[in-house]
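Enquirer: generate coordinates for the sequence data below:
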Amino acid sequence: MTYIVQPGDTLYKIAQNYNTSVNAILALNPQITNPNLIYPGQTIIIPISSVECPLLRQGDRGPSVSRLQTLLRFARFDPGAIDGIFGPRTQTALVAFQNSQAELERTGVADEETWVALGAECAPRSDVISYVIRPGDTLYIIATRFNVTIQSILNINPQITNPDVLSVGQVINIPPTQ
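Expert: Numbering: from 1, shown residues only. Next up is the predicted model:
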């Protein structure tokens, strides 16, 4: 995937955000001759990781942080703006969520146990699975939980004629993760 370097980014931070290594990024970006020298606005290629629920902490950025923020909001713990930046407000929401779950350590770090407690699926899948609609579910929530797009859910569920109307107990198919 392509990524535009943001102010304050380093290859190390980018690698952490996308669950890859600096060496893997360098291998795809021969234009980077000095790994300690990247510039805001520079476009680089990042290898896609198969990890769906990365370890995240304050200071991290990227789409995985946006997913975490969305799941925190679904769980009624307000992380502030869904902006992909793991700042103090996201950390406060995360710690509050962890405090509400007896089985979680209160670390302020989103580990796999925290992701699972938030309802996320963490393993990539190559198969379609069935899912039973729960109270409060929307296609947006389901897509975020399973890390797929709403359109991909609609594509394999022609019985969904109105995406805004789901019934508790209804069974739908969830496509494989890409």
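Enquirer: how about the lowest-mean-pLDDT helix or strand in the chain, which residues are buried there?
Expert: Taking mean pLDDT, DSSP states H and E as the measure, the chain has helix 11-17 as its least confident helix or strand, at a mean of 81. For helix 11-17, the neighbour count (16 or more other C-beta atoms under 10 Å) marks 11, 13-17 as buried. C-beta here means a position set from N, CA and C on the backbone, and glycine is covered the same way.
Enquirer: so what does it touch, helix or strand wise?
Expert: Where contact means 3 or more C-beta pairs under 8 Å, 6 or more residues apart in numbering; DSSP states H and E, helix 11-17 is packed against helix 22-28.
Enquirer: from L26, how far off is the residue of the chain positioned farthest from its centre?
Expert: Going by C-alpha atoms, centre = their mean, the residue of the chain most distant from its centre is T33, 30.3 Å out. Distance, T33 to L26, using C-beta to C-beta, to the nearest Å: 10 Å.
Enquirer: next one: L118
Expert: Taking C-beta to C-beta, one finds L118 at 33 Å from L26.
Enquirer: so which of the two has more stuff around it?
Expert: L118 (23 against 15; other C-beta atoms under 10 Å).
Enquirer: let me see the contact set for the residue farthest from the centre of the chain.
Expert: If you count contacts by C-beta atoms under 8 Å, 6 or more residues apart in numbering, T33 has none.
Enquirer: which SS state does the residue nearest to T90 when sequence neighbours are not counted fall under?
Expert: Once flanking residues are discounted, T90 sits nearest to P79: 4.2 Å by C-beta to C-beta, 6 or more residues apart in numbering. Secondary structure state of P79, per DSSP: H, G, I helix; E, B strand; the rest coil, is coil.
Enquirer: just the pLDDT for P79.
Expert: We note a pLDDT of 97 for P79 in this prediction.
Enquirer: isn't it right up against Q69?
Expert: Yes. Contact criterion C-beta atoms under 8 Å: P79 and Q69 qualify, at 4.3 Å.
Enquirer: show me where this structure dips below the pLDDT cut-off.
Expert: In the predicted model, the chain carries pLDDT under 70 at residues 19, 48-51, 178.
Enquirer: which residue ranges of it form helices?
Expert: 11-17, 22-28, 63-74, 88-100, 112-117, 139-146, 150-155 (DSSP state H).
Enquirer: the last one: how far from the chain's middle?
Expert: Read it as helix 150-155. Remark: helix 150-155 is offset 18 Å from the chain centroid, using C-alpha atoms, centre = their mean, to the nearest Å.
Enquirer: since that was my last question, I'll sign off now.
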